[in-house]
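mind folding the following:
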Amino acid sequence: MYEYDIVQIEMGAFKGKPKQDHHEIIHAHAQEGWRLVQLFAPPAMGYGTATFMELYFEREIKR
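Numbers count the residues shown, from 1 in each chain. Model (predicted):
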């Protein structure tokens with residue numbers, strides 16, 4: 001059995017850069033036993049960048 005955590009990172013409106021460092025989020029989750037499964041970004045808006053991205057993590061539930 002697995003559990004999942006989804007982290008949404010907002011993108012800056014003008015430069016389109018993430019408001020949080022996704023590398024730090026991935027490393028922090030890895031230290032807690034999470035595995036990055038997917039990074040999702042929706043289709044670009046009219047000005048050419050996504051408004052957010054999501055990081056999907058999973059880890060096995062230990063019984």
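
next one: phi and psi at the most centrally placed residue in the chain?
Residue closest to the mean C-alpha point of the chain, counted by C-alpha atoms, centre = their mean, is residue 55 at 2.1 Å. Backbone torsions of residue 55, given as degrees, to the nearest 10, read phi -110, psi 130.

partners of it in the sheet?
Beta-bridge partners for residue 55, by DSSP bridges, are residue 7, residue 39.

for residue 3, see how far away it is.
From residue 55 over to residue 3 the distance is 15 Å, taken as C-beta to C-beta, to the nearest Å. Backbone N, C-alpha and C define where each C-beta goes, glycine included.

all strands for the protein, in order.
Secondary structure of the chain (DSSP state E): strands at 2-10, 35-40, 52-60.

please identify the deepest-packed of the ones you listed.
strand 52-60 (a mean of 15; mean count of other C-beta atoms under 10 Å).

where in the protein is pLDDT low?
Low-confidence segments of the chain (pLDDT under 70): 14-16, 45-47.

can we see that at 90?
The chain contains residues with pLDDT under 90 at 11-21, 41-52, 62-63.

sorry, back to before: for the strands of the chain, give me JSON lines that also has distance to residue 20.
Below are the strands of the chain laid out as JSON lines (distance: least, C-beta to C-beta, whole Å):
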{"stretch": "strand 2-10", "distance to residue 20": "5"}
{"stretch": "strand 35-40", "distance to residue 20": "13"}
{"stretch": "strand 52-60", "distance to residue 20": "10"}
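
from residue 49, how far off is the residue nearest to the centre of the chain?
Taking C-beta to C-beta, one finds residue 55 at 17 Å from residue 49.

repeat for residue 40
15 Å.

thinking again about what came up before, hang on, the residue nearest to the centre of the chain packs against residue 20?
No: the pair residue 55 / residue 20 is not scored as a contact, 10.0 Å apart, by C-beta atoms under 8 Å.
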